[in-house]
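here is the input, now give the coordinates:
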Amino acid sequence: MELQSSPAPQPGELGHRFAAIDVGSNALRLLFMQVLDEDGEPCFRKVSLFRMPLRLGTEAFISGQLSAATAERLVNSLKAFRLLMEAWQPLRWRACATSALRSLANADELARQIREDAGLDLELITGSEEAHILLANAGQAGLDQAGNYLYTDVGGGSTELTLLVPGRAAQSRSFPVGTVRLLTERTDPGVWQEMAQWLREHRPRGPVITIGSGGNINKLVSLVGLKPDHSLSQLRIQRQLERISGLTVSQRIRQLGLRPDRADVLPHALRIYLFVMQTARSTWMQVPQAGLADGLIRQLYHEWANSRQS
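Okay, here's the model as predicted:
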């Protein structure tokens with residue numbers, strides 16, 4: 001989508017501005033990114049990331065609706081995001097909502113309220129659409145074309161899995177298991193069995209490298225001081241889970257410097273990652289630190305670039 005007024009280039013500025021909004025189960029995010037296009041090779045650079053710690057999943061997964069107070073906070077947050085975009089003037093933008101909002105009984109009515117009050121067209125995307133958008137980040141991960149990869153994005157309300165195997169079409173599946181669902185005990189036990197069955201049916205014979213996506217795995221990377229070109233072993237994730245689980249939420253905040261809304265869900269996220277890796281027989285994980293908003297901007301850029309050529 002485009003803003004009503006055309007973006008004015010800044011003096012000496014290179015590249016093009018894009019923006020994306022991700023309304024998740026645990027937080028809202030607004031990402032500003034600049035794309036430099038030289039010789040047909042786009043270079044994506046993050047400019048700013050704004051995060052609003054608004055946990056929609058707690059109410060959405062328990063009652064299937066948001067309270068008036070939470071809905072008001074959501075609308076006000078998106079109003080602020082809209083004003084920031086008006087100030088920054090991206091060439092194109094897109095706003096998407098995932099598991100929490102799509103589980104609401106009045107999701108369409110809420111989207112209409114957001115359109116009227118915040119001036120944003122918020123798309124309620126499906127789990128398969130979410131997995132497809134996340135796959136747009138594959139180029140950032142620097143994947144070996146001959147390797148087997150399992151994209152694993154763990155959010156507050158769902159986990160998206162995409163298996164990339166040479167010579168096969170990408171296999172994707174979304175499962176309703178996430179950190180906020182586990183925290184609020186709103187996960188059907190049968191989901192774990194469904195996820196395990198899907199992984200066993202589709203995993204290849206050879207080794208599989210997991211590509212971890214999501215705010216929790218990004219936080220673990222910073223906690224352990226992982227370098228950009230290094231990988232996390234399954235054993236290291238297990239040891240970190242044991243270490244973090246041995247602390248109270250208050251201790252995680254004080255000793256590890258975690259935000260309150262990260263401190264209570266991080267162990268749940270690591271359990272999901274470990275379950276996926278163990279079932280897929282994957283011993284290593286790469287973490288490109290790119291999420292849904294990154295994928296949205298990559299899609300927006302390629303759509304815009306293609307429109308210029310047609």
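
which intervals of the chain have sub-threshold pLDDT?
Where the chain drops to pLDDT under 70, the residues are 1-13, 139-142, 228-229, 310.

the helices in it, which residues?
Remark: helices assigned in the chain by DSSP state H are 57-63, 68-88, 99-102, 107-118, 127-135, 179-183, 190-202, 215-224, 234-245, 249-256, 260-263, 266-280, 292-309.

buried stuff in the first one?
Taking 16 or more other Cβ atoms under 10 Å as the neighbour-count basis, helix 57-63 is seen to contain the buried residues 57-61. Where C-beta positions appear, they are placed from N, C-alpha and C, glycine not excepted.

closest to Val249 out of those?
Comparing those against Val249 with Cβ to Cβ places Thr58 closest, at 15.0 Å.

can you name the residues that contact the closest residue to the closest one other than its chain neighbours?
Excluding the flanking residues, the one nearest Thr58 by Cβ to Cβ, 6 or more residues apart in numbering is Thr184, at 5.7 Å. Taking Cβ atoms under 8 Å, 6 or more residues apart in numbering, we find Thr184 in contact with 57-58, 61-62.

also Cys96?
Taking Cβ under 8 Å, 6+ apart, we find Cys96 in contact with 20-23, 122-125, 130, 133, 292, 296.

could I get the residues you listed as a markdown table with distance to Val221?
Formatted as a markdown table, the contacts of Cys96 follow (distance: Cβ to Cβ, whole Å):
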| residue | distance to Val221 |
| --- | --- |
| Ala20 | 21 |
| Ile21 | 24 |
| Asp22 | 19 |
| Val23 | 24 |
| Leu122 | 29 |
| Glu123 | 29 |
| Leu124 | 30 |
| Ile125 | 26 |
| Glu130 | 22 |
| Ile133 | 21 |
| Leu292 | 17 |
| Leu296 | 22 |
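
in ChimeraX, how would I select the buried members of those residues?
Buried members of the contacts of Cys96 can be picked out in ChimeraX with the line below, counting by 16+ other Cβ under 10 Å:
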select :20,21,22,23,122,123,124,125,130,133,292,296
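
how does the chain divide into domains?
By the assignment in automatic domain parsing, the chain contains the domains 16-126+293-309, 143-287.

so which of these gets nearest Asn137?
Closest among the domains of the chain, using Cβ to Cβ: domain 16-126+293-309, at 5.0 Å.

quick one: the closest one to chain centroid distance?
11 Å (Cα atoms, centre = their mean, to the nearest Å).

okay, how far is it across it, tip to tip?
With Cα to Cα, to the nearest Å applied, domain 16-126+293-309 spans 16 Å between its terminal residues.

make TSV from the domains of the chain and add distance to Asn137 to it.
Converted to TSV, the domains of the chain look like this (distance: least, Cβ to Cβ, whole Å):
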stretch	distance to Asn137
domain 16-126+293-309	5
domain 143-287	7
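
burial check on the closest residue to Gln278 other than its chain neighbours, number of neighbours?
Using Cβ to Cβ, 6+ apart and skipping the chain neighbours, the partner closest in space to Gln278 is Gln234 (7.0 Å). When neighbours are defined as other Cβ atoms under 10 Å, Gln234 has 17 of them.
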